[in-house]
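Colleague: One predicted model, sequence on top.
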Amino acid sequence: MCSARGMSVFWLCSGQVTLSHTHPVPHFDLQIFGGLVWILVASSKVPDPMLQGWVMFVSVFCFVMSISLLCLYFCGAHGGGGSCWVTLDAICHSTAALFYLSAAVLEAYMTYALGLSSILLAQEYRENIAAVVFAFVATLLYVIHKVFSLLRWKSS
């Protein structure tokens, strides 16, 4: 369960409370936007395979990590918020925020460079722009989760 009695504002929830609106920041936004980045980057045309590989690695890694954390919270495996789980949550979200920021900036730069050279068709260019936008939205969401995780870690 997730109770604020005798605790600070930031806590780790378990069970169905994880899925409700009473949880401070829901996890589903990470999966939704991370999945969209994954799909859009996979369908976009980027001539640099290293760049596309990094962006795909980041989106798949963060998607799997977020799903794993969500499943662990839903099952109550953390036992109510021990300090190692709070630390793990802070480390995971901080790493994901940093990874997504680097991937979003690289994707934006490549889309900008390809737009200047007019190599891409209009549809492919729009797909790349959508991938950039959702990558930055996912970055913002991971930063928000990172802030709450770090506040929870500091108060534990």
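Modeller: Thanks, I have it. Here the structure is a predicted model, which is why all the values come from computation and not from measurement.
Colleague: neighbours around Phe99, how many?
Modeller: Phe99 is flanked by 20 other residues according to other C-beta atoms under 10 Å. Where C-beta positions appear, they are placed from N, C-alpha and C, glycine not excepted.
Colleague: quick one: it from Ser59, how far?
Modeller: Distance of Phe99 to Ser59, given as C-beta to C-beta, to the nearest Å: 9 Å.
Colleague: same for the host helix or strand of Arg126, what does it pack against?
Modeller: Assigned by DSSP states H and E, Arg126 belongs to helix 122-155. Taking 3 or more C-beta pairs under 8 Å, 6 or more residues apart in numbering; DSSP states H and E as the contact definition, the neighbouring helices and strands of helix 122-155 are helix 28-43, helix 49-75, helix 83-117.
Colleague: wait, what's in contact with the residue lying closest to Ala104 once chain neighbours are set aside?
Modeller: Leaving aside its chain neighbours, Ala104 sits nearest to Ala135 (3.7 Å; criterion: C-beta to C-beta, 6 or more residues apart in numbering). Going by C-beta atoms under 8 Å, 6 or more residues apart in numbering, Ala135 touches Val37, Val41, Val55, Ser59, Tyr100, Ala103, Ala104, Glu107, Ala108.
Colleague: where's Tyr140 relative to Cys84, distance?
Modeller: Tyr isn't right for residue 140; it's Leu. 27 Å.
Colleague: err, Val133, not the other one
Modeller: As it turns out, when the distance is counted by C-beta to C-beta, Val133 lies 36 Å from Cys84.
Colleague: Verify the stated contact: Cys62 with Phe99.
Modeller: Yes - using C-beta atoms under 8 Å as the test, Cys62 is close enough to Phe99 to be in contact (6.4 Å).
Colleague: Look at the spatially closest residue to Ile129 that is not a sequence neighbour and say how many residues are nearby.
Modeller: Ranked by C-beta to C-beta, 6+ apart and with sequence neighbours excluded, the top spatial neighbour of Ile129 is Thr111, at 6.1 Å. Around Thr111 sit 21 other residues, with neighbours defined as other C-beta under 10 Å.
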